[in-house]
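Participant: Got a predicted model here, sequence first, then my questions.
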Amino acid sequence: MPSVAVKLYSVFFKFLLKHRLQNQIQKPADETANPFGVTTRPEESVAASKPSFTDGVATKDIHIDSLTSLSIRIFLPESALSPPELPESKSRYRSFQSDNNLNSRRNSYGPQNLGVTREESRRNSFEALNLRSENVYRGYSPLMQNCRKLPIMLQFHGGGWVSGSNDSVANDFFCRRIAKLCDVIVVAVGYRLAPENKYPAAFDDGLKVLNWLGKQANLAECSKSMGIPRAGGAESKKSDGNRHIVDAFGASMAEPWLAAHGDPSRCVLLGVSCGSNIADYVARKAVEAGRLLDPVKVVAQVLMYPFFIGSVPTHSEIKLANSYFYDKSMCMLAWKLFLPEEEFSLDHQAANPLVPGRGPPLKLMPPTLTVVAEHDWMRDRAIAYSEELRKVNVDAPVLEYKDAVHGFATLDMLLKTPQAQACTEDISIWVKKYISMRGHEFSY
């Protein structure tokens, strides 16, 4: 059973959440409507972005849609500063020498330093700008040479459609942990919240970010083919300024961190709670789009305690209806705020992954890891979805954590527990099977 502290915090959490949901429901529709949208609530504790490498990760925020509040936060791990692995024919001797000197943890991309120190490799291959003066602060700005490419992970936060944010303190901590353990660039999506923007706003935002990644990759390739530094940053020569692909205001259109270090052909989707519903939708749309998304390719997805529901209750929905943190009655309020009144149904395609007629065929879905908690009333439907995927030969394992509650790996109070750390490590082991450049080195 969960600890006494978790039980007490759950009571307090449910009281506040229920109060907020009821206040939102009682507001007139004309007060809540907001086409531009909101991505965070005033009561949410947010973490400032830090473009210098803090705790091994640099972050930056980007507002990517001028018509809505849609934004992203990029988490770039410091491992991106290591030089790319040399071809085998040229590096065999150096690799042999460095094997005796390196004690760092093995990862799916090979040794990071190849016999040179981290400081030397950073000086020789990159320009890591962490410059401070009285009036100017500039974070990391990559150069185009010897850029190490990392997979990209799109992360969708939880919060029951009406709360949470991509820059909250809890989500910032979780994404930093994921970026370091999985050795990926995490792009946390700040989608529009309900009830200001009901379905399908959050789903459209998720797909819009995936398309934005494709646009960024194409802009980077155009710059490369034109002989333009893809990420010259603030230190670019003035003579090169007119050769960048720029927008109407003269700003570079290619995001420098992604242009220098991102590999969109190895894209993973990760959803937390209701964010899992968005991730699954984006995965389906990516399958339907096929080569139209090139060079972006979704190679896997991770669904952490999905926010699935249906009109026919499962065993866990009956037995655990009054479970910890997010009980069934509060989730029903969240769905009423999210779905338009004329579309409300527990078998809505956004709510129930097993309703007939949802395209594309399940056999075309990417490998899907599902994380569930023992004391989560939504667990059985998530497991049933995973079983349906396995029936059509999709790699779809389920990780079930004993004595765990909904949000056990991402809630602020539980982030630093051993179980939360173990869950993130388990996710990294599975994800690396599909983002490794050397093949399937990790398996259960």
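Facilitator: Arrived safely, thanks for sending.
Participant: Show me the helices in the stretch 101-250 of the chain, by range?
Facilitator: Under the criterion DSSP state H, counting those that start in this stretch, the stretch 101-250 of the chain carries helices at the ranges 118-125, 169-182, 201-225.
Participant: Export these as CSV, with columns for mean pLDDT.
Facilitator: CSV is the format used below for the helices of the stretch 101-250 of the chain (pLDDT from 0 to 100):
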stretch, mean pLDDT
helix 118-125, 45
helix 169-182, 97
helix 201-225, 91
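Participant: Please name whichever of those helices is nearest to I427.
Facilitator: For I427, the closest of the helices of the stretch 101-250 of the chain is helix 169-182, at 7.3 Å, according to CB to CB. All C-beta atoms are positioned from the backbone trio N, CA, C, and that covers glycine.
Participant: For T410, see how far away V371 is.
Facilitator: Applying CB to CB, to the nearest Å, the value for V371 to T410 is 10 Å.
Participant: residues shared between the contacts of those two?
Facilitator: By CB atoms under 8 Å, 6 or more residues apart in numbering, V371 and T410 have these common neighbours: M304.
Participant: Go ahead and name everything in contact with the helix or strand encompassing S386.
Facilitator: For S386, the element it lies in under DSSP states H and E is helix 379-391. Helix 379-391 is contacted from outside by 276, 303, 305-306, 308-310, 314-317, 320, 352-354, 362, 365, 368, 370, 372-373, 396-398, 400, using CB under 8 Å, 6+ apart.
Participant: do that again at 7 Å, thanks
Facilitator: Contact with helix 379-391 is made by 303, 305-306, 308-310, 314-317, 353-354, 362, 365, 368, 370, 372-373, 396, 398, as judged by CB atoms under 7 Å, 6 or more residues apart in numbering.
Participant: in it, what's buried?
Facilitator: The neighbour-count check on helix 379-391 (16 or more other CB atoms under 10 Å) flags 379-383, 385-386, 389 as buried.
Participant: V372 belongs to a helix?
Facilitator: No: read with DSSP: H, G, I helix; E, B strand; the rest coil, V372 is strand and lies in no helix.
Participant: From what I see, it and P306 are in contact.
Facilitator: No: if you go by CB atoms under 7 Å, V372 and P306 don't touch, sitting 8.3 Å apart.
Participant: Compare the two (neighbour count), which wins?
Facilitator: Shown here are V372 and P306; by other CB atoms under 10 Å, P306 has more neighbours (28 against 23).
Participant: Quick check: the more buried one vs K27, distance?
Facilitator: From P306 across to K27, the span is 28 Å (CB to CB).
Participant: With respect to R41, which of the buried residues of helix 379-391 is nearest?
Facilitator: A382 (26.4 Å).
Participant: Quick check, pLDDT for that closest one.
Facilitator: pLDDT for A382: 97.
Participant: just L21 next, same as before
Facilitator: What the model reports as pLDDT for L21 is 82.
Participant: Wasn't it part of a strand?
Facilitator: No: the assignment for L21 (three-state DSSP) gives helix, which keeps it out of a strand.
Participant: Enumerate every residue touching it.
Facilitator: If you count contacts by CB under 7 Å, 6+ apart, L21 has them with 162, 330, 333-334, 337.
Participant: Over to N393?
Facilitator: Applying CB under 7 Å, 6+ apart to N393 gives the contacts K363.
Participant: how near is it to P367?
Facilitator: On the measure of CB to CB, N393 and P367 end up 11 Å apart.
Participant: Kindly report the same for I185.
Facilitator: Computed as CB to CB, the I185 to P367 distance reads 20 Å.
Participant: Compare the two (neighbour count), which wins?
Facilitator: More crowded of I185 and P367, by other CB under 10 Å: I185, with 24 against 19.
Participant: Look up the residues forming beta bridges with that one.
Facilitator: Beta bridges link I185 to I152, judged by DSSP bridges.
Participant: which residues touch it?
Facilitator: The neighbourhood of I185, defined by CB under 7 Å, 6+ apart, consists of 74-76, 150, 152-153, 179, 261-262.
Participant: Mind doing that once more with 8 Å?
Facilitator: I185 touches 74-77, 80, 150-153, 179, 257-258, 261-262, counting by CB under 8 Å, 6+ apart.
Participant: Quick check: chain neighbours aside, which residue is closest to S316?
Facilitator: Excluding the flanking residues, the one nearest S316 by CB to CB, 6 or more residues apart in numbering is D380, at 4.0 Å.
Participant: Which of the residues in the helix or strand hosting E425 are classified as buried?
Facilitator: Assigned by DSSP H and E, E425 belongs to helix 418-435. For helix 418-435, the neighbour count (16+ other CB under 10 Å) marks 419-420, 423-424, 426-435 as buried.
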